[in-house]
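Colleague: I'd like to go over a predicted model; first the sequence, then the structure.
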Amino acid sequence: MHLPTSLKLMACLTMSLNTFASDHADTLLTNATIYGYEQADAIAILDGKILDIGDSEALAGYRTANTEVIDLEYAFVMPGFIDNHNHVFEAASEAGGNCELDMDALADEQIPYLKACRRHANPDEWLIGYGFSIDAVLHEDNRHTPLEVIDRIFPDQPVVIMEQTSHSMWVNSVALAEAGITSRTPEPQGGKILKDETTGELNGILLDNAGDIVMEMAWNSLKNQFDQSYKGLMIGLAEAAAHGITTIGDGRLYWKRGWYEVWKEAEKAGDLTARVSLRPWIYPTDAMAPQLDYLKTIHTTDRSGLLLTNQVKMYSDGIFVNGTAKTLDPYHDTHIPDEPFGINYIPPNQMKTWLSELATLGYSAHIHAIGDGAIRESLNAIEHVKRTQEKQQSTKQQATKLLYTLTHVELVNPKDVPRFAELDVTADFQVGSDYVAEHDHGWAEFFLGKMRTLAMMNLRAIYDTGANLSLSSDWNVHSINPLVGIANSLKMAKTGLPNVHAAIDAYTINAAKSLGIEDITGSLDVGKSADLVILEKDITQLSINQIAKTEIWMTMLQGKIVFDIDD
Ligand SMILES: [Zn+2]
């Protein structure tokens with residue numbers, strides 16, 4: 001049908017999109033500017049779902065005495081943000097104390113901070129701290145090893161301090177003894193035990209999985225950890241809601257630390273303010289069979305609830321600053337010269353087996369892959385599983401759709417760029433820090449050289465292939481604010497996303513696809529969950545700098561207000 005433009009407009013104005021027979025709404029949002037609906041200014045919500053989108057007059061018919069009418073005064077309504085990778089559980093946790101060091105200090109300079117941690121610590125349990133940089137405490141200007149420094153302040157209580165990236169731990173001798181680590185201990189899969197170059201003695205820094213193992217011990221020894229975790233989770237969820245986030249892809253669920261039980265309690269108590277895809281951690285040094293047995297017990301197929309458990313979190317490699325990200329060409333310089341290409345948490349062949357076994361249980365995977373080597377190996381493993389599954393599924397009627405995401409994706413070899421689209425693998429990026437927006441990766445040059453450093457974080461290369469691309473915060477590594485991520489992805493110019501709509505998609509519907517819930521949430525459509533965020537201004541009409549500063553006024557999950565700026 002070809003109507004003249006003016007008539008088309010009139011048709012739109014009087015139409016509503018509702019195809020369901022219902023005559024009343026629980027909530028009516030009126031006088032709204034609605035993302036994607038230029039002709040509409042009202043949204044009707046019933047039973048947590050979007051009942052209708054249209055103009056206020058047409059939707060007035062849904063109003064009854066019980067309908068809550070919210071006049072938005074032309075504020076901007078868009079789908080709730082989906083943060084595909086957020087450590088909401090850990091980021092605000094103070095389990096083990098609130099010991100925080102200086103991010104830039106040399107080992108000796110940390111002494112006042114370590115002393116402050118000691119004053120607040122319970123001397124009868126492990127002390128868990130946070131926040132130092134491996135570059136600073138291992139810098140050549142240090143006169144003592146990190147171990148010598150920490151042992152002076154903590155001679156008889158076990159201490160583990162997590163580096164700002166979470167990829168290394170600073171531990172004292174008591175902690176090393178409790179974990180049974182000596183200078184002769186074999187290194188665990190995915191981990192490195194650092195030693196002083198001249199003496200060959202332990203220097204108190206454990207990289208990646210070597211540190212994770214000690215942290216696990218520390219965490220599980222804490223009394224009161226359930227209550228502290230619960231409290232931390234509530235703070236984290238409130239922070240997410242205040243930033244318009246209605247769905248969270250969990251950064252990782254350390255299920256051997258009792259975290260799953262904390263989440264389930266929050267669900268039972270009605271305390272969840274976001275839909276959450278929990279991602280149980282694959283432990284690299286534990287046997288596969290018992291892990292699979294456990295994963296079977298927590299797997300969910302029902303996607304209507306707020307907690308979903310159908311993706312695992314798996315690390316292919318570590319990170320560049322540790323020398324543990326896996327590369328195709330050797331590092332220029334590294335903390336671990338015996339591993340010039342970095343290391344794997346889960347080696348390529350094991351990953352194939354893991355993904356195949358997980359697929360039979362209905363689990364997909366969110367895979368940490370940073371180096372070009374890890375990215376290639378992960379894509380190979382996914383390709384292997386997809387091919388095998390396709391063969392098997394031709395005999396099966398109903399196949400579960402397997403959704404794979406590579407997260408971080410910092411350095412991709414040009415040959416692997418088209419494979420994301422070809423294999424239907426989501427690429428998840430974090431851009432919520434200034435240095436990423438400004439493409440200031442000078443820190444990596446020392447490890448990778450100039451060419452590889454310049455090639456890092458190229459969102460556009462992947463975007464242009466048509467692959468599904470999501471943005472996330474990795475909070476608290478980067479800002480939790482999706483508007484900062486959206487603005488930064490545009491600030492990146494030719495390596496960023498092409499326009500604000502692509503950036504919004506990356507923080508909404510594309511992330512929903514990565515989680516397999518794009519039919520439930522991720523866009524404003526009739527029949528979908530009323531997961532939405534209300535902002536002071538229409539961000540599609542703002543400059544990049546204004547986008548990041550836009551206020552979030554209200555967040556709704558399933559039609560319920562979970563954040564209101566006036567509260
Ligand atoms: Zn993370």
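Modeller: Ah, there it is. Residues are numbered from 1 along each chain as shown.
Colleague: Are we agreed that Trp443 is in a strand?
Modeller: No - per DSSP: H, G, I helix; E, B strand; the rest coil, Trp443 lies outside any strand segment and is helix.
Colleague: That one reaches Ser433, doesn't it?
Modeller: No - Trp443 is beyond contact range of Ser433, at 11.8 Å (criterion: C-beta atoms under 8 Å). Just so you know, the C-beta spots here come from the backbone N, C-alpha and C atoms, and that holds for glycine as well.
Colleague: And the two? Which one has more around it.
Modeller: Using other C-beta atoms under 10 Å, the more surrounded residue of Trp443 and Ser433 is Ser433, with 17 against 13.
Colleague: can you tell me which residues contact Leu406?
Modeller: 367, 369, 375, 378-379, 420, 425-428 (C-beta atoms under 8 Å, 6 or more residues apart in numbering).
Colleague: which secondary structure element contains it?
Modeller: Using DSSP states H and E, Leu406 sits within strand 404-408.
Colleague: CA-only coordinates of that strand, as PDB, when you get a sec.
Modeller: Taking C-alpha atoms only, strand 404-408 is exported to PDB below (Å, rounded to 0.1, in the frame of the first residue of the first chain):
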ATOM      1  CA  TYR A 404      29.600 -18.400  22.000                       C
ATOM      2  CA  THR A 405      31.100 -15.100  22.900                       C
ATOM      3  CA  LEU A 406      34.700 -14.100  23.100                       C
ATOM      4  CA  THR A 407      35.200 -11.300  25.600                       C
ATOM      5  CA  HIS A 408      38.000  -8.700  25.700                       C
END
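Colleague: Report pLDDT for the residue most central in space within the chain.
Modeller: By C-alpha atoms, centre = their mean, the chain has its centre lying nearest to His85, at 1.2 Å. With respect to pLDDT, His85 scores 98.
Colleague: cool, and Gly48?
Modeller: For Gly48, pLDDT reads 97.
Colleague: Tyr463 too?
Modeller: Note for Tyr463: predicted pLDDT of 98.
Colleague: and what of Ile153?
Modeller: 97.
Colleague: That one contacts Arg118, doesn't it?
Modeller: Yes - counting by C-beta under 8 Å, Ile153 does reach Arg118; the two are 5.9 Å apart.
Colleague: Okay, strands next: where are they in the stretch 301-450 of the chain?
Modeller: Under the criterion DSSP state E, counting those that start in this stretch, strands of the stretch 301-450 of the chain are mapped to 307-308, 311-315, 364-369, 404-408, 425-430.
Colleague: Report all helices and strands that the last one contacts.
Modeller: In terms of contact count using 3 or more C-beta pairs under 8 Å, 6 or more residues apart in numbering; DSSP states H and E, strand 425-430 is assigned the packing partners strand 81-86, strand 404-408, helix 419-423, helix 459-463, strand 469-472, helix 509-515.
Colleague: Direction included, what does that strand pair up with?
Modeller: strand 404-408 (parallel), strand 469-472 (parallel) (DSSP bridges).
Colleague: Return the most buried member of those.
Modeller: Mean neighbour counts were compared across the strands paired with strand 425-430 using mean count of other C-beta atoms under 10 Å; the top stretch is strand 469-472, at a mean of 29.
Colleague: can you put the strands of the stretch 301-450 of the chain in TSV and add mean pLDDT and distance to the ion?
Modeller: Converted to TSV, those look like this (pLDDT from 0 to 100; distance: least, C-beta to the ion, whole Å):
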stretch	mean pLDDT	distance to the ion
strand 307-308	97	18
strand 311-315	98	8
strand 364-369	98	7
strand 404-408	98	7
strand 425-430	98	8
